[in-house]
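1. Return atomic coordinates for the entry below.
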Amino acid sequence: MGRPRKLLRPPKNIQIGFDIETVTLSLDKIVPLKIVTPQMKKDRHYRRIVASIRVGGIIELPIVARQGKGRYVLLEGHLRLEALKELGETEMTCLVSTDDEAFTHNKFVNHISSVQEHKMILNAIKRGVPEETIAQALDMDVTGIIRRKRLLVGICPEAIELLEDKMIAAEVFSILKRLVSVRQIEAAMLMNDACLYTATYAKTLLMATPKEQLVNPQKPKKVKGLTPEQIERVENESSTLHREYLLIKENYGLDHMNLTILKGYLTTLLGNIKIVRYLAHDYSDFLKYFQKITEMTSLNDKGEAA
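-> Numbering: from 1, shown residues only. A predicted model of the protein is given here:
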């Protein structure tokens, strides 16, 4: 499936995790660690891998480790291996790892995000690749390529930068386009803070957006199952909640520092048996709260220390 590649040699004082040269292996010499089920082969992601390899070969090389006697263990790239078998290929070019810990490599495998896919499509079109060819490689119709080509039209650069490496459905960007630039940035920051990039969450942010922050403020926000009055109430409540959230976020660092200082002082204080006896005799309620504070490990700890 391709000529062996040679990796750049690092400085001598840096230990690398892969052999300098790749190897092209017979598929029957590769031992997979996972089973690719028939159900997994029906998934759209797998079909796109097959279509992509059919058109342009493997771009992201699978990772193997030597097992001995000419055999190799497949650490990462099981779907690509199955795709090659399905396409009737007999060989695969791989990176050879010097570490046989599969989780180590899986942790650092980056899958393409929606924004990166959009840029990849634009670059391919700029190089003269027909949209039909791109659609075939990504296992989608030409209409899907056109939609992805226009994915970021109407999204401000700051919001794009915030979401560039996130796995986000195209529907999320369609929702963000209904917001003005300032609100787009705010929504992207809220998504990053919550680590939520679903269309459902994006719709919630849209519902909580004041009319003056919509691109078309005259167009009513329609949410299935909610009346305009309920949407307005949610909008007002969300606005209040957001202000409280920003206030907490702004003061979190100072509150955490104060808690750390207070905890250290109380720990020293309660290390004195005479003080503990005095508090237990005359101020038992205070002693209980002081002890709770000394047991806290973060501001998120539950308790009645406040």
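2. switch to C-alpha atoms for all contacts and neighbour counts from now on
-> Noted.
3. domain parsing for this protein?
-> Following automatic domain parsing, one finds the domains of the chain at 23-106, 114-213, 228-295.
4. now residue 210: how far from residue 179?
-> Distance of residue 210 to residue 179, computed by Cα to Cα, to the nearest Å: 10 Å.
5. Out of these two, name the residue with the larger neighbour count.
-> residue 179 (26 against 16; other Cα atoms under 10 Å).
6. Now do the residue nearest to that one when sequence neighbours are not counted: how many residues are near it, please.
-> Leaving aside its chain neighbours, residue 179 sits nearest to residue 214 (4.5 Å; criterion: Cα to Cα, 6 or more residues apart in numbering). Applying other Cα under 10 Å, we find 21 residues neighbouring residue 214.
7. what do you get for residue 125?
-> Neighbour tally, residue 125, other Cα under 10 Å: 15.
8. tell me the pLDDT at the nearest residue to it once chain neighbours are set aside?
-> Excluding the flanking residues, the one nearest residue 125 by Cα to Cα, 6+ apart is residue 131, at 6.9 Å. The per-residue pLDDT reported for residue 131 equals 86.
9. Residue 131 and residue 52: what is the separation?
-> For residue 131 relative to residue 52 (Cα to Cα), the value is 14 Å.
10. how about the strand or helix carrying residue 119: buried residues?
-> Residue 119 is located in helix 114-126, with elements delineated by DSSP states H and E. Under the neighbour-count criterion of 16 or more other Cα atoms under 10 Å, helix 114-126 has 114, 115, 118, 119, 121, 122 buried.
11. Then stretch 207-220?
-> 207, 208, 209, 210, 211, 213, 214, 215.
12. repeat for stretch 126-135
-> Buried residues in stretch 126-135, counted by 16+ other Cα under 10 Å: 131, 133, 134, 135.
13. Please enumerate the helices of the stretch 51-200 of the chain.
-> Remark: helices assigned in the stretch 51-200 of the chain by DSSP state H, counting those that start in this stretch are 78-86, 102-106, 114-126, 131-137, 142-149, 157-163, 170-176, 181-194, 199-207.
14. So for residue 265, which of the ones you listed sits nearest?
-> helix 181-194 (32.3 Å; Cα to Cα).
15. what's the angle between the closest one and helix 199-207?
-> 140 degrees (axes from the mean of the first three to the mean of the last three Cα atoms, to 10 degrees).
16. From the chain's centroid, how far away is helix 181-194?
-> 15 Å (Cα atoms, centre = their mean, to the nearest Å).
17. Buried residues in it, which are they?
-> Buried residues in helix 181-194 (16+ other Cα under 10 Å): 181, 183, 184, 185, 187, 188, 190, 191.
18. Go through these and say which is closest to residue 269.
-> Among those, and counting by Cα to Cα, the member closest to residue 269 is residue 190, at 40.7 Å.
19. can you list the buried residues of stretch 126-135 in TSV and add distance to residue 196?
-> Converted to TSV, those look like this (distance: Cα to Cα, whole Å):
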residue	distance to residue 196
131	32
133	33
134	29
135	29
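20. Make a markdown table out of the domains of the chain and add distance to residue 219.
-> Below are the domains of the chain laid out as a markdown table (distance: least, Cα to Cα, whole Å):
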| stretch | distance to residue 219 |
| --- | --- |
| domain 23-106 | 35 |
| domain 114-213 | 9 |
| domain 228-295 | 12 |
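21. between those, which gets the lowest average pLDDT?
-> For those, the bottom mean pLDDT is recorded on domain 228-295, which sits at a mean of 77.
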